[in-house]
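**Student:** The amino acid sequence is not available; the structure is as follows:
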């Protein structure tokens, strides 16, 4: 896997079915025993998915927010922390004690060291055991040093001699930096604790997208500060006012109370705004890829594990309140293993659908709650910070709302030091929040509204191919559960539609498909040649290879087209037989030896679809799972063929490999 720290946290699903098959030879073969064992394994699976946060999300958050905290620290060093009104209605800076500046600078140095060690650790230049103490202690020291000077300043400002003095934005940036340092240090402490307990590997293995997000965040912070420094020089602004302007410019909010007035400043706005928006768009894309697509898979695994535990318990209970929704999985002596597997397959398919729907709506609810909290709490801070403008709480809500949605009317805006500095901190938090919320809305509500619009159109002004009365009957005939599942999962393309509409020009993946097609044709020709000369064994060998090549090519086309393909039970039965070697020819002149026969029998009769590692509940799609398993089967067969089928007979390499037996993910 590409996620850092997941190697040991979530067991390699490639050997999942291998472990299941080997253990099942020694254990009870009854359906009841299989169900009980499946339920006992659920807790471990949910725990592994839960530790994904500590192993991957927390280090990634630390690597993303670490540079942002350092940027706030730079802002706290850019100006003195106090100012006093002058005779012209402005403010003059009050020099800070040297010890305050020194401690602040030392805090910045410690944070930079922690950021560097985190980057080197993720690049595997420094061992985890060396880097983690430096990272955690460095950020804790940075936070503690800032707090040690923030609190005394807060006490000093209440003295009568300082009654006419006010805080600058730099003081509040120091507070935001201290808070961020402390939070990410705590996250990394949890990560170190989990690795020490053995929940996952101590080695970070960043994917390209994860490295990209961290680099993009560093570039964005540098771009923001560098642009602010340039405009502060050109326009004669204070540096922190320029940071405030650069923030609402790049985020396309356009508050409007600060704007360039010189020709040079307005001219430079063209490349500066475009460059900042491009970097911001890349960050949003990376957040969506990592925190939504990858994080969604991990969180869905935990939810699916809990849903599976509940429904399997219901399916095996005598008092099943969901008997019409999930099949009965209670042991039945009259059932053969194939009938039992069919019922288990239907149950797991239902569980996967329910878990998918649940996760989408839970994700929407959680992201909406976070967005509401950001809106309401942000409005409280603006309300209290802008007392000089006598903002009401409703006006603060109004300003926060038009800011979160990047409308930016500019009719009201913050003028206090706290309001401006908090605006920068708060608006940067809004970027990932809005990204996640909009994505979750698209996955749930938009599907529902689209389907509702189609229904209304078909029964009013845009009738479909199906008669009106039949359409109404279909709507009322469908159960509430099917409606709930379908409206959220959306439509799935048919296999033939995808295969008929593949664009092939200049696509490397299509070149691979053509190569597999050529090998498939070659094996088919060898099969025909062996049939003509009467070599039954060679004919069977090449036919088996032909089937593997054909199915692998089909899976590659599914993967390339991003088809959300779900296979029915008969298709799965065929593919499992192909993977396990049921179609593999005999190496002993027409008859399988006893060991091969036992291996095949155990593979199919001990397979249980309600096992926690079954491919229907994994993070990989069914197509990806089958592609991996079929590829492993082909590699095994080609190695065997290179030694010849008429040699000393099959050796241990003929046994299905771990991925072939069960590449569950």
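**Tutor:** Structure received. Nothing here was measured: the structure is a model prediction, and the numbers come from that model. Numbers count the residues shown, from 1 in each chain.

**Student:** And the pLDDT at residue 624?
**Tutor:** What the model reports for residue 624 is a pLDDT of 85.

**Student:** same question but for residue 341, I mixed them up
**Tutor:** 76.

**Student:** What helix or strand is residue 131 located in?
**Tutor:** helix 128-156 (DSSP states H and E).

**Student:** Quickly run through the sheet partners of the next helix or strand after that helix, with directions.
**Tutor:** Per DSSP H and E, the first helix or strand lying C-terminal to helix 128-156 is strand 166-167. Strand 166-167 sits in its sheet next to strand 82-85 (antiparallel), going by DSSP bridges.

**Student:** Can you list the buried residues in the partner strand?
**Tutor:** 82, 83 (16 or more other Cβ atoms under 10 Å). (Each C-beta comes from the backbone N, C-alpha and C, glycine too.)

**Student:** Run through who's touching that strand.
**Tutor:** Strand 82-85 is contacted by residues 91-94, 96, 153, 157, 162, 164-168, 171 when judged by Cβ atoms under 8 Å, 6 or more residues apart in numbering.

**Student:** Just the buried ones among these, please.
**Tutor:** Buried among the contacts of strand 82-85 (16+ other Cβ under 10 Å): 91, 96, 153, 165, 166, 167, 168, 171.

**Student:** Which members of those are the farthest-apart pair?
**Tutor:** Spanning the widest gap among these are 91 and 153, at 16.7 Å by Cβ to Cβ.

**Student:** Residue 569: neighbouring residues, count only.
**Tutor:** A count of nearby residues for residue 569, using other Cβ atoms under 10 Å, gives 16.

**Student:** Quick check: chain neighbours aside, which residue is closest to it?
**Tutor:** Spatial nearest neighbour of residue 569, chain neighbours left out: residue 345 (4.9 Å); criterion: Cβ to Cβ, 6 or more residues apart in numbering.

**Student:** surely that neighbour meets residue 609?
**Tutor:** Yes: with contacts counted by Cβ atoms under 8 Å, residue 345 reaches residue 609, the gap being 4.7 Å.

**Student:** Give me the common contacts of these two.
**Tutor:** With Cβ under 8 Å, 6+ apart as the test, residue 345 and residue 609 both reach residue 616.

**Student:** can you pull the buried residues of the helix holding residue 131?
**Tutor:** Of the residues in helix 128-156, 128, 131-132, 134-136, 138-143, 145-147, 149-150, 153 count as buried by neighbour count, 16+ other Cβ under 10 Å.

**Student:** Show me what it is packed against.
**Tutor:** For helix 128-156, the packing partners by 3 or more Cβ pairs under 8 Å, 6 or more residues apart in numbering; DSSP states H and E come out as helix 58-77, helix 98-122, helix 169-196.

**Student:** From the contact counts, what lies against the longest one?
**Tutor:** Secondary structure elements in contact with helix 169-196, counted by 3+ Cβ pairs under 8 Å, 6+ apart, are helix 58-77, helix 98-122, helix 128-156, helix 239-250, helix 417-443.

**Student:** Using a markdown table, lay out the helices and strands packed on helix 128-156 together with mean pLDDT and distance to residue 441.
**Tutor:** Formatted as a markdown table, those follow (pLDDT from 0 to 100; distance: least, Cβ to Cβ, whole Å):
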| stretch | mean pLDDT | distance to residue 441 |
| --- | --- | --- |
| helix 58-77 | 92 | 23 |
| helix 98-122 | 93 | 32 |
| helix 169-196 | 94 | 27 |
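
**Student:** Mind checking those helices for the one nearest to residue 270?
**Tutor:** Of all the helices and strands packed on helix 128-156, it is helix 58-77 that lies closest to residue 270, at 24.2 Å by Cβ to Cβ.

**Student:** The closest one versus helix 169-196: what angle between them?
**Tutor:** Angle, helix 58-77 to helix 169-196, by axes from the mean of the first three to the mean of the last three Cα atoms, to 10 degrees: 160 degrees.

**Student:** And the pLDDT at the closest residue to residue 166 other than its chain neighbours?
**Tutor:** Counting by Cβ to Cβ, 6+ apart, the nearest residue to residue 166 once its immediate chain neighbours are dropped is residue 83, at 6.1 Å. For residue 83, the pLDDT comes out at 91.

**Student:** Next: residue 136.
**Tutor:** Residue 136 carries a pLDDT value of 95.

**Student:** Tell me which stretches of the stretch 351-500 of the chain form helices.
**Tutor:** Here the stretch 351-500 of the chain has its helices, by DSSP state H, counting those that start in this stretch, at 393-404, 417-443, 445-459, 468-477, 480-489, 495-500.

**Student:** and the shortest one, average pLDDT?
**Tutor:** In other words, helix 495-500. The predicted model assigns helix 495-500 a mean pLDDT of 41.

**Student:** do stretch 630-645 as well
**Tutor:** On average, stretch 630-645 scores 77.

**Student:** Now do residue 73 against residue 219, distance only.
**Tutor:** Here the criterion is Cβ to Cβ, to the nearest Å. By it, residue 73 lies 18 Å from residue 219.

**Student:** Equivalent analysis for residue 353, please.
**Tutor:** For residue 353, the distance to residue 219 equals 41 Å [Cβ to Cβ].

**Student:** Same check on residue 400?
**Tutor:** 28 Å.

**Student:** who has more neighbours, the two?
**Tutor:** residue 400 (24 against 15).

**Student:** For that one, which residues are in contact?
**Tutor:** 375, 378, 379, 382.

**Student:** I figured the second one hits residue 426, correct?
**Tutor:** Just to be clear, that refers to residue 378. Yes: between residue 378 and residue 426 there is a contact under Cβ under 8 Å: 5.0 Å.

**Student:** more crowded one of these two?
**Tutor:** A direct count of neighbours by other Cβ under 10 Å for residue 378 and residue 426 places residue 378 higher, at 24 against 21.

**Student:** Identify the residue spatially nearest to residue 253, adjacent ones excluded.
**Tutor:** Nearest residue to residue 253, sequence neighbours excluded (Cβ to Cβ, 6+ apart): residue 408, at 4.2 Å.

**Student:** residue contacts, that neighbour?
**Tutor:** 248, 252, 253, 254, 255, 256, 402.

**Student:** Where does the third one sit: helix, strand or coil?
**Tutor:** To tie it back to what came earlier, the one meant is residue 253. Classification of residue 253 using DSSP: H, G, I helix; E, B strand; the rest coil returns coil.

**Student:** Noted, bye for now.
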